[in-house]
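In: got a sequence here, can you build the structure:
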Amino acid sequence: MSTANKNLNIPANNSYTNTWDVPVNTNFTGIDYALGGVTSINVTGASTSPVLMDGSYSSTYPYPPNNITVSGNGATPSYIPYNITIYGTLTTNLVYRIPSGVSGQWSVYNNTTTTSGNTISFQVGTGAPLLIESGKRRLIVSDGTNLMLANSASDAQGTPNSLQFNSGSTFAGSSLTYNPSTGAYSLDPLVFVGTATISQLTTTYAQPLVSGMILKTSTGTVLGTVASNIDSKTWNYSGTATAPGATFYAYPASAGIALTINSYDGQYGQQIVAGTIADNSFGLRIKAGTSSNDFPIYISTNDSTPIDYFKMDGNGSTIIGNQKAASTLPTLTVQGNTSSTQQTLKVVGGAATPTYDVSISGSTATVDCSKSNMFNLSLTTSITLLISNPYNGQSINIFLHQGAGNSSVTWPSNFLWQYGSAPTLSTTAGWTDIISAIYRSSNASWYATINTGYQS
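Out: Numbering: from 1, shown residues only. Just a heads-up that it's a prediction; the model follows:
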């Protein structure tokens, strides 16, 4: 007879008469092997899974010395040593199976390398496999039926210069890593193996997928989208079919966003506090990407309706306004503290308004005030001038250039001129006049002046 967990010899009554050293010495060797031995498993070239781990390394020598090395699947590895080290190049998913009924604990070190996201797992009998992450040493415990980590707490992990949120975060299994030395955030995908048809995704083991997650290949090709889950291993899926055993990389639907901070304060949402001016620090610094199409700030409502204006209120009071109002609202409003004599807006350095060229259609030219405050109009013929989309208090300047000469302008009826009469324009070809006007919505009128006779 032998023990269930460590395969130690149990002598029957009156056995080994006068030869007590045979079982006792062997058992002492086995106990030492169980407490301090190492099974080293080289996975290079391994393809069979699951791999059965046995209680004896050899039928003729059940308790070998320390540091037993098993190459690939060429021999049955022993589970008796407390320490199990797995190394080599991993090219497939491997599961190491401890027989049912065997209890104990093991320190398992996954020191393998892989470029395809393959995994190492342990299981007892046909129970649920327990993943041993690459580069990690885990203490696992078996009660003969179930296998689990000795520490089941979901602790945050990371390196000395980074903070990494664990897989219990809202990223559904992905990890968000922040490096304070560079200020960079990185979002890692959830990696798993499974099979996909055009309508259903099945994973090898239970996965924390959620609706809307995007599936990609290792090269970044989009395969499809996860829909509603059927159970922890099966999801409704829309995308490309794959062969069994395919490796998937799952990203949140918002993976293009570097970081989303949820509100935690009813008044301010997320508060960001600056350092001191002497430290040249910033309360919040936002930089666009390297593409000319990148936005440094993009704001939309929760239902993706674009916000018509962005308002900064210096009063510290509730901002009054409808963020979904019509587009007649200004794009940017900067409001100073009304109880202070300080400047509302100060620009250090140059500030310029680009000039917008106004085209002539037939005998009409329209100045669209939503385009700019500075306009250039070259006269090639006499025209009627129209003004559209003005804002209350808006000032505009029109550079009126005589192209052919002797061109006249019929002004809008709501232009109010100084002393009540329209000015006389320059008529010499190549000369420029400057019209300046301020709009008041109370009487829907432009208060206009002109400077004439600028020679180009």
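In: C-alpha from now on. contacts and neighbour counts both.
Out: Will do.
In: from Ser413, how far off is the closest residue to Thr427 other than its chain neighbours?
Out: Take Thr427 and drop its neighbours on the chain: the residue closest to it by C-alpha to C-alpha, 6 or more residues apart in numbering is Asn406, 4.4 Å away. If you measure Asn406 against Ser413 using C-alpha to C-alpha, to the nearest Å, the figure is 22 Å.
In: cool, Ser407 as well?
Out: The separation that Ser407 has from Ser413, given C-alpha to C-alpha, amounts to 19 Å.
In: who has more neighbours, these two?
Out: The neighbour comparison of Ser407 against Ser413 (other C-alpha atoms under 10 Å) goes to Ser407, with 19 against 10.
In: so the more buried one touches Ser382, yeah?
Out: Yes - under the contact definition of C-alpha atoms under 8 Å, Ser407 touches Ser382, with a separation of 4.5 Å.
In: tell me the domain ranges of the protein?
Out: According to the domain assignment given by automatic domain parsing, the chain is divided into the following structural domains: 21-149, 173-251, 298-349, 355-455.
In: am I right that the residue nearest to Thr427 is in contact with Ala429?
Out: Yes - counting by C-alpha under 8 Å, Asn406 sits close enough to Ala429 to count as a contact (7.3 Å).
In: between the two, which contacts overlap?
Out: Taking C-alpha atoms under 8 Å, 6 or more residues apart in numbering as the contact rule, Asn406 and Ala429 touch no residue in common.
In: how far off centre is stretch 89-96?
Out: For stretch 89-96, the distance between its averaged C-alpha position and the chain's averaged C-alpha position is 29 Å (C-alpha atoms, centre = their mean, to the nearest Å).
In: who touches it?
Out: 43-53, 112-114, 116, 118-123, 129.
In: just the ones of those in strands?
Out: Among the contacts of stretch 89-96, the subset assigned to strands under DSSP state E consists of 51-52, 112-113, 120-123.
In: I'd like those residues laid out as a markdown table, including neighbour count, pLDDT and distance to Ala34.
Out: Below are those laid out as a markdown table (neighbours: other C-alpha atoms under 10 Å; pLDDT from 0 to 100; distance: C-alpha to C-alpha, whole Å):
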| residue | neighbour count | pLDDT | distance to Ala34 |
| --- | --- | --- | --- |
| Val51 | 19 | 89 | 20 |
| Leu52 | 21 | 89 | 18 |
| Thr112 | 23 | 93 | 24 |
| Thr113 | 18 | 91 | 27 |
| Ile120 | 20 | 92 | 22 |
| Ser121 | 17 | 93 | 21 |
| Phe122 | 23 | 94 | 18 |
| Gln123 | 23 | 93 | 19 |
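In: between these, which sits nearest Leu345?
Out: Nearest to Leu345 out of these is Thr113 (C-alpha to C-alpha; 57.2 Å).
In: just grab the bridge partners of the closest one for me.
Out: Counting by DSSP bridges, Thr113 is bridged to Thr89.
In: flag every buried residue along stretch 194-207.
Out: Buried residues in stretch 194-207, counting neighbours by 16 or more other C-alpha atoms under 10 Å, are found at 194-197, 199-203, 207.
In: with distance to Asp433, pLDDT and secondary structure added, can I get these in JSON lines?
Out: Listed next are the buried residues of stretch 194-207 as JSON lines, based on distance: C-alpha to C-alpha, whole Å; pLDDT from 0 to 100; DSSP: H, G, I helix; E, B strand; the rest coil:
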{"residue": "Gly194", "distance to Asp433": "73", "pLDDT": "90", "secondary structure": "strand"}
{"residue": "Thr195", "distance to Asp433": "73", "pLDDT": "93", "secondary structure": "strand"}
{"residue": "Ala196", "distance to Asp433": "70", "pLDDT": "93", "secondary structure": "strand"}
{"residue": "Thr197", "distance to Asp433": "71", "pLDDT": "93", "secondary structure": "coil"}
{"residue": "Ser199", "distance to Asp433": "68", "pLDDT": "94", "secondary structure": "coil"}
{"residue": "Gln200", "distance to Asp433": "70", "pLDDT": "94", "secondary structure": "strand"}
{"residue": "Leu201", "distance to Asp433": "70", "pLDDT": "94", "secondary structure": "strand"}
{"residue": "Thr202", "distance to Asp433": "74", "pLDDT": "93", "secondary structure": "strand"}
{"residue": "Thr203", "distance to Asp433": "74", "pLDDT": "91", "secondary structure": "strand"}
{"residue": "Gln207", "distance to Asp433": "72", "pLDDT": "86", "secondary structure": "coil"}
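In: as a markdown table, these with distance to Tyr96 would be great.
Out: Compiled in a markdown table, the buried residues of stretch 194-207 are given as follows (distance: C-alpha to C-alpha, whole Å):
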| residue | distance to Tyr96 |
| --- | --- |
| Gly194 | 19 |
| Thr195 | 22 |
| Ala196 | 26 |
| Thr197 | 29 |
| Ser199 | 32 |
| Gln200 | 29 |
| Leu201 | 25 |
| Thr202 | 22 |
| Thr203 | 19 |
| Gln207 | 20 |
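In: between those, which is closest to Ser361?
Out: Each of those was checked against Ser361 using C-alpha to C-alpha; the closest is Ser199, at 55.2 Å.
In: can you tell me which residues contact that closest one?
Out: Taking C-alpha under 8 Å, 6+ apart as the criterion, Ser199 is in contact with 236-239.
In: now rank the residues you listed by neighbours and give me the top one.
Out: Each of the contacts of Ser199 was scored by neighbours using other C-alpha under 10 Å; the highest score is Tyr237's, at 23 neighbours.
In: elements contacting the helix or strand harbouring it?
Out: Assigning secondary structure by DSSP states H and E places Tyr237 in strand 234-239. For strand 234-239, the elements it packs on are strand 200-203, strand 222-231, judged by 3 or more C-alpha pairs under 8 Å, 6 or more residues apart in numbering; DSSP states H and E.
In: sorry, back to before: weakest of the domains of the chain by average pLDDT?
Out: Across the domains of the chain, domain 298-349 has the smallest mean pLDDT, namely a mean of 59.
In: just the helices in the chain please.
Out: With DSSP state H applied, the chain shows helices at 21-36, listed in chain order.
In: tell me the bridge partners for the closest residue to Tyr454 other than its chain neighbours.
Out: With C-alpha to C-alpha, 6+ apart as the measure, Thr432 is the residue that lies nearest to Tyr454, at 4.9 Å, once sequence neighbours are left out. Beta-bridge pairing of Thr432, defined through DSSP bridges, involves His401, Tyr454.
In: which non-adjacent residue is nearest Ala365?
Out: Take Ala365 and drop its neighbours on the chain: the residue closest to it by C-alpha to C-alpha, 6+ apart is Leu385, 5.2 Å away.
In: which ones are touching the one you found?
Out: For Leu385, the contacting residues are 364-367, 409-412, taking C-alpha under 8 Å, 6+ apart as the criterion.
In: which of those are buried?
Out: Burial of these was assessed by neighbour count (16+ other C-alpha under 10 Å); the buried members are 365, 367, 409.
In: got the contact list for the first one?
Out: In other words, Ala365. When the contact criterion is C-alpha under 8 Å, 6+ apart, the partners of Ala365 are 358-359, 383-386.
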